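Novice: 3D, please:
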Amino acid sequence: MDWLASELDHLGVRVSLGTPADAATLRAAEADVVIMATGAEATAPRDPAGGQRCVTDVAVFDGAVDVPEGESVVVYDRDAGIRGGLVAVELAERGARVRLVTPLQAPCQDVNPTQLPFLRRTLTALGVEAVNDTELLPDSGDGLRFRNVWSKREVTVDGSLVVFAGIAASRTGLLRELDGADTEFEVRAVGDCVAPRTLRDAVREGALAGAAV
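Specialist: You can find the predicted model right below:
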């Protein structure tokens, strides 16, 4: 971060913090090009009829979710990444009984080889149950339902709290506002506001957009 800040200063980039952006403020900036990088926000399904609470991993890390000791928790990690593993550790350390569920071959399989052994050892020591090859079915109005990705048979994954790890929705409000506004500048969207992906994708698209200006 220090290096990035020094590079901005060296290149004469003006940084405005705490400044809301809308069509009017961007027009007032008299820019020729606006590179939009509004990102994405964590999301989870609304609480289903089955009675489970559905929350995001971000809400758990922010301390916004009350998790009584002994509560049965399902962590659903569609991408089998580090976020699912870390939120499972957090919940287990609070005393919850945790199942880490993924549709892929193993939880945390996308974690880099340097961090994976430590994370797997920690999950095992905390008694986190790994449930692989298990996908979430589309909402049917009668609670969350899961099935094995190979047999297509429904499986029971009990939990009064379901935490969704790494699932996000693009922040497109400003893009939509600009799409209907009378502006003279060009808008280029990059990163997660186009579609939630990885940091590498966002950095690549931002660099390409900057180089093209």
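
Novice: so where does Ile35 fall, helix or strand?
Specialist: strand 33-36 (DSSP states H and E).

Novice: which residues of the protein score low on pLDDT?
Specialist: Flagging of the chain using pLDDT under 70 yields the residue ranges 47-50, 140-142.

Novice: what does stretch 166-176 contact?
Specialist: 21-22, 36, 38-44, 56-57, 77-79, 81, 83-84, 187, 189, 192-196 (C-beta atoms under 8 Å, 6 or more residues apart in numbering). Backbone N, C-alpha and C define where each C-beta goes, glycine included.

Novice: Dump it to CSV, restricted to CA.
Specialist: Provided in CSV are the C-alpha atoms of stretch 166-176 (Å, rounded to 0.1, in the frame of the first residue of the first chain):
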residue,chain,number,x,y,z
GLY,A,166,-17.6,-15.5,-1.8
ILE,A,167,-20.9,-15.0,-3.6
ALA,A,168,-21.3,-11.4,-4.8
ALA,A,169,-23.4,-9.1,-7.0
SER,A,170,-22.0,-6.3,-9.1
ARG,A,171,-22.6,-2.7,-8.0
THR,A,172,-24.1,-1.3,-11.1
GLY,A,173,-26.3,1.5,-9.8
LEU,A,174,-23.9,4.3,-11.0
LEU,A,175,-23.4,2.6,-14.3
ARG,A,176,-27.2,2.5,-14.8
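
Novice: and after the strand holding Ile35, which helix or strand comes next?
Specialist: With DSSP H and E, the next secondary element past strand 33-36 is strand 40-42.

Novice: so after that next one, what's the next helix or strand?
Specialist: Going down the chain from strand 40-42, the next helix or strand is strand 53-56, by DSSP H and E.
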